[in-house]
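1. here are the coordinates; sequence isn't available:
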């Protein structure tokens, strides 16, 4: 069962609907019309849709009973409610992100003991980043005796003549304005938004790009679970000049201001006015009209430390498929939603099939090595390619 028929949720459900061993797929969303339209495109008799208010724990639990797995593809503000509902329904749980607010992670991890006791698995942060990035970081760490640091850098850009959202505007804007947490000198610390700017060299055709610290999940989980003496974890994202300017002039503030006699928070105005992700026909039409011309995207995951006394740095580049290539296979998907939904779907299939044996509340980097290796082997079969380089830093 998948809650959330939005951008990433539809990608997850498309992958699941094509699985030969699918028995039943329930798709639940508050917007019944939207998911009915999407399910009509799927045209699979094993798929059903339900109207659901995800803030109603009892209703979620009732609908989830008898399901192998409950996938939460909504904003992270729903995580704790849906996670509790999954536990009540005695089903496994999976979400794509836990922030903002990032304090949600601690509240999820506090439930670890009771999930283990019940013999259930709950995995948080299973999309692209977090998700694919976490698994790559952990695979790199497996090859080191001592892990000194992990750096994750993500960049994506759509070539379009119009401003088009590829993700939830609320989540995107909250991440942009939030104070990023990094792990430095073995301690968590907060840094200013858009701090730590640098030029990062991605593989062509992306090339050098301006990136900065960005509020994200990986610096919260990787230091907790990787171990091996790790002292640094940082996440950087391509600088969004529009969001940087809006932040500087106060238009991302949550503090209400008076406008013509009414009090309004500037950020609420920005989120309300920002374009929403496109539906199936809308996106296809913009591609056919030449408004959307293509896209580029890449995750970079660097892991460094020592192996048998030698200083080693490993770098993984995850190449995103072009939006036009994605759209031919999934007309409802953008390059961004495809990455998040595909990473999640691979783990959904593994969870539902019983291939993941770990119990309790975990992040992707905690998964069995066999599961992580199978996950990475599956990515190229779903249009996501990975390049790896390894360097002995003493010889660089």
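-> Thanks, I have the structure now. All figures in this text were calculated on a predicted structure; none of them were measured in a lab.

2. tell me, how many neighbours does the closest residue to residue 75 other than its chain neighbours end up with?
-> Counting by C-beta to C-beta, 6 or more residues apart in numbering, residue 75 lies nearest to residue 171, which is 5.6 Å off, once chain neighbours are set aside. Any C-beta I mention is one placed from the backbone N, CA and C, and that applies to glycine too. Using other C-beta atoms under 10 Å, residue 171 has 18 other residues around it.

3. Now the element after the helix or strand hosting residue 171, going C-ward?
-> According to DSSP states H and E, residue 171 maps onto helix 169-177. Next in sequence after helix 169-177, counting helices and strands by DSSP H and E, comes strand 181-184.

4. So which bits of that following strand are buried?
-> Neighbour counts using 16 or more other C-beta atoms under 10 Å place 181, 182, 183, 184 of strand 181-184 among the buried residues.

5. Identify all contacting residues around it.
-> Strand 181-184 has contacts (C-beta atoms under 8 Å, 6 or more residues apart in numbering) with 102, 188-191, 213, 215, 219-220, 222-223, 230-235.

6. go with 7 Å
-> Here strand 181-184 makes contact (C-beta atoms under 7 Å, 6 or more residues apart in numbering) with 102, 188, 189, 190, 191, 213, 219, 220, 223, 232, 233, 234.

7. Report the mean per-residue pLDDT for that strand.
-> Strand 181-184 carries an average pLDDT of 98.

8. Look up how far residue 254 lies from the residue lying farthest from the centre of the chain.
-> Residue farthest from the centre of the chain, counting by C-alpha atoms, centre = their mean, is residue 261 at 39.7 Å. Here residue 261 is placed at a distance of 20 Å from residue 254 (C-beta to C-beta, to the nearest Å).

9. Same question for residue 218.
-> For residue 218, the distance to residue 254 (C-beta to C-beta) stands at 25 Å.

10. Same check on residue 120?
-> On the measure of C-beta to C-beta, residue 120 and residue 254 end up 36 Å apart.

11. and those two? which has more neighbours close in?
-> Set side by side, residue 120 and residue 254 show more neighbours around residue 120, with 19 against 10, by other C-beta under 10 Å.

12. What's the per-residue pLDDT of residue 278 here?
-> Here the pLDDT value assigned to residue 278 is 80.

13. show me what contacts it?
-> Going by C-beta under 7 Å, 6+ apart, residue 278 touches 164, 286.

14. Turn the buried residues of strand 181-184 into CSV, columns for distance to residue 355.
-> Putting the buried residues of strand 181-184 into CSV (distance: C-beta to C-beta, whole Å) gives the following:
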residue, distance to residue 355
181, 32
182, 33
183, 30
184, 36
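
15. Quickly name whichever of those residues is closest to residue 368.
-> Using C-beta to C-beta, residue 183 is the member of the buried residues of strand 181-184 that lies nearest residue 368, at 24.3 Å.

16. With residue 235 as the reference, measure out to the closest one.
-> Residue 183 sits 10 Å away from residue 235, going by C-beta to C-beta.

17. Output the below-cut-off pLDDT ranges for the chain.
-> Residue ranges of the chain with pLDDT under 70: 393-396.

18. In it, which residue is most central in space?
-> By C-alpha atoms, centre = their mean, the chain has its centre lying nearest to residue 127, at 3.5 Å.

19. Show me which positions of stretch 192-211 end up buried.
-> Going by neighbour count (16+ other C-beta under 10 Å), the buried part of stretch 192-211 is 193, 194, 200, 202, 206, 209, 211.

20. any chance of the residues you listed in JSON lines, plus secondary structure and distance to residue 307?
-> Output for the buried residues of stretch 192-211, formatted as JSON lines (DSSP: H, G, I helix; E, B strand; the rest coil; distance: C-beta to C-beta, whole Å):
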{"residue": "193", "secondary structure": "coil", "distance to residue 307": "36"}
{"residue": "194", "secondary structure": "coil", "distance to residue 307": "35"}
{"residue": "200", "secondary structure": "strand", "distance to residue 307": "25"}
{"residue": "202", "secondary structure": "coil", "distance to residue 307": "26"}
{"residue": "206", "secondary structure": "coil", "distance to residue 307": "29"}
{"residue": "209", "secondary structure": "strand", "distance to residue 307": "30"}
{"residue": "211", "secondary structure": "strand", "distance to residue 307": "28"}
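
21. what's the most distant pair in these?
-> It's 193 and 206 that sit farthest apart of the buried residues of stretch 192-211, by C-beta to C-beta, at 23.0 Å.

22. that older thread, and which of the buried residues of strand 181-184 is nearest to residue 376?
-> Distance to residue 376 across the buried residues of strand 181-184 (C-beta to C-beta) is lowest for residue 183, with 23.8 Å.

23. List phi and psi for residue 88.
-> The phi and psi torsions at residue 88 (degrees, to the nearest 10) take the values phi -60, psi -40.

24. I'd guessed it sits against residue 61; true?
-> Yes. Here residue 88 reaches residue 61: they are 4.0 Å apart, a contact under C-beta atoms under 7 Å.

25. Show me which of the two is the more surrounded one.
-> Per other C-beta under 10 Å, whichever of residue 88 and residue 61 has more neighbours is residue 61, with 20 against 15.

26. how about the more buried one, what does it touch?
-> Neighbouring residues of residue 61 by C-beta under 7 Å, 6+ apart: 85, 88, 89.

27. Next, the buried residues of the helix or strand hosting it.
-> Taking DSSP H and E as the definition, residue 61 sits inside helix 57-64. Under the neighbour-count criterion of 16+ other C-beta under 10 Å, helix 57-64 has 57, 59, 60, 61, 63, 64 buried.

28. Verify the stated contact: the residue nearest to the centre of the chain with residue 344.
-> Yes. Assessed by C-beta under 7 Å, residue 127 is found in contact with residue 344 at 5.2 Å.

29. Tell me the residues that contact both of the two, please.
-> Taking C-beta under 7 Å, 6+ apart as the criterion, residue 127 and residue 344 both touch 8, 96.
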